[in-house]
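Novice: kindly generate the corresponding structure for this input.
(chains A and B)
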Amino acid sequence: MTPPPLATAGRAAVLAGIRDGVGAPGIAIFASQVGFGSLASAGGLSLPLALTATGTIWAMPGQVAFAELAAAGASWPVILIAVSLANARFLPMTVATIPLLRERVGVRWFQFLFAHLVSITSWGQMQLTRHRVQGAARAPYFVAFSATALLLALLGTGIGHGLAGLLPAPAALALAFVPPLYILLMLVAAPQRIALVATALGGALGAGGDLLLRDWGVLLGGVLAGTVAWLLMRRARHG
Amino acid sequence: MGEAPPWALLAVAVAGTYLWRGLGVALAGRVDEGSPVFEWVGCVAYALAAAVSVRIILWPTGLLATTPVGDRVSATVIGLAACWALRRSVPLALAAGAGAFAVLTALRGG
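Specialist: Numbers count the residues shown, from 1 in each chain, chains lettered A, B, ... in the order given. Here you go, the predicted model:
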């Protein structure tokens, strides 16, 4: 028997967000940030700088670009361009997340705070729980889930920084493999069938684009694949 | 030009990331949850996330790049199969896929 959906803001929504945050999504984020902590440490970035980078950038591709370029002594325009390029996917991710967190169309100031918490994982979580968490429960659920993930990420960054080079190879490799696998599983577990179509097309076109154009290829491939999936869905619906 | 301190570079990286998020909020203000535009951007988000994941599995950089692509693909297939077999349980499928990858890596003495 499925429990009734959460639909009101309050303690239940916050607790559900925390509970879900410490599950598989939190493990995946923790694992990816252990990798970032190690990378930052290897590049000579201090622990406070690495932790602040995790909390303030809060986007893995940008964090990696920052750590690598700062370690290499790159100038600020180079870092600005590289990080912006690597993180451009946060534009569609944010547009796909924010409308779920409000009850009326329009821009409110706190949405700019919500936007800082948007990630592939938090967007995906809102998709996975779209039927279970509804209406006014969504914003507190999202904030609680994302804050939990962020705390686990800081823990991961710290541990990765401290243990850089000390983790046995199979453990470090397994941790590095968890984040991409989690994203893929999260996508295929989504309740909507269109998600599978978009995922399959995106995997093929985006990965192909990556070979040709790296970051731009992933972005262009993703937009193209998503558009094709959307057109197919509309055609199927309207006959 | 002198070298900028790392904290100043971090501020630049934060701005370069938040730019997209802020722009996303501004655009999202006009997008309704039930609208075709929201459906479209949702499809793009799925495709982008899939592209990111497949890219890391097939063409990783860093630590994962030291493992054979066959191991990564086999472990991914095991994870996906477990996801279907176990009625879409993501935690169990994640454990199955990551566990398989750890075993494959350990068998190679990696």
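
Novice: all contacts plus neighbour counts: C-alpha atoms, from now on.
Specialist: OK.

Novice: scan chain A for its longest helix.
Specialist: As assigned by DSSP state H, the longest helix anywhere in chain A is helix A:138-163.

Novice: anything in that one sitting right up against chain B?
Specialist: No - using C-alpha under 8 Å from any C-alpha of the partner chain, helix A:138-163 stays clear of chain B, coming no nearer than 12.9 Å.

Novice: for that helix, the averaged confidence score.
Specialist: Mean pLDDT, computed over helix A:138-163, is 97.

Novice: so what's the gap between it and the chain middle?
Specialist: In this view, helix A:138-163 has its centroid 11 Å away from the chain centroid, taken as C-alpha atoms, centre = their mean, to the nearest Å.

Novice: what helices and strands are in contact with that helix?
Specialist: helix A:11-21, helix A:24-42, helix A:47-57, helix A:110-117, helix A:120-128 (3 or more C-alpha pairs under 8 Å, 6 or more residues apart in numbering or on different chains; DSSP states H and E).

Novice: could you single out the most deeply buried of these?
Specialist: helix A:24-42 (a mean of 25; mean count of other C-alpha atoms under 10 Å in any protein chain shown).

Novice: which other helices and strands does the helix or strand following the longest helix of chain A contact?
Specialist: Using DSSP states H and E, the helix or strand that follows helix A:138-163 in sequence is helix A:169-188. Helices and strands touching helix A:169-188, by 3+ C-alpha pairs under 8 Å, 6+ apart, are helix A:24-42, helix A:120-128, helix A:193-213, helix B:36-58, helix B:69-85, helix B:90-107.

Novice: 7 Å - rerun?
Specialist: helix A:24-42, helix A:193-213, helix B:36-58, helix B:90-107 (3 or more C-alpha pairs under 7 Å, 6 or more residues apart in numbering or on different chains; DSSP states H and E).

Novice: a markdown table for the helices and strands packed on helix A:138-163, including distance to residue A:189?
Specialist: Output for the helices and strands packed on helix A:138-163, formatted as a markdown table (distance: least, C-alpha to C-alpha, whole Å):
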| stretch | distance to residue A:189 |
| --- | --- |
| helix A:11-21 | 15 |
| helix A:24-42 | 13 |
| helix A:47-57 | 27 |
| helix A:110-117 | 22 |
| helix A:120-128 | 7 |
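
Novice: Throw these into TSV and include distance to chain B, thanks.
Specialist: Formatted as TSV, these follow (distance: least, C-alpha to the nearest C-alpha, whole Å):
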stretch	distance to chain B
helix A:11-21	11
helix A:24-42	5
helix A:47-57	5
helix A:110-117	5
helix A:120-128	7
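
Novice: residue B:71 is nearest to which of those helices?
Specialist: helix A:24-42 (18.9 Å; C-alpha to C-alpha).

Novice: okay, the angle between the closest one and helix A:47-57?
Specialist: Angular relation of helix A:24-42 and helix A:47-57 on a 0 to 180 degree scale: 130 degrees, by axes from the mean of the first three to the mean of the last three C-alpha atoms, to 10 degrees.

Novice: so how far is helix A:24-42 off the chain centroid?
Specialist: The chain centroid and the centroid of helix A:24-42 are separated by 13 Å, computed with C-alpha atoms, centre = their mean.

Novice: between it and helix A:169-188, how many degrees?
Specialist: Using the same axes, to 10 degrees: helix A:24-42 against helix A:169-188 is 140 degrees.

Novice: helix A:24-42 to helix A:120-128, inter-axis angle?
Specialist: Going by the same axes, to 10 degrees, helix A:24-42 makes 170 degrees with helix A:120-128.

Novice: counting contacts, what elements does helix A:24-42 pack onto?
Specialist: Right, helix A:24-42 is packed against helix A:138-163, helix A:169-188 by 3+ C-alpha pairs under 7 Å, 6+ apart.

Novice: contacts for that helix, please.
Specialist: A:50, A:64, A:67, A:121, A:149, A:152-153, A:156-161, A:164, A:175-176, A:178-179, A:182, B:91 (C-alpha atoms under 7 Å, 6 or more residues apart in numbering or on different chains).
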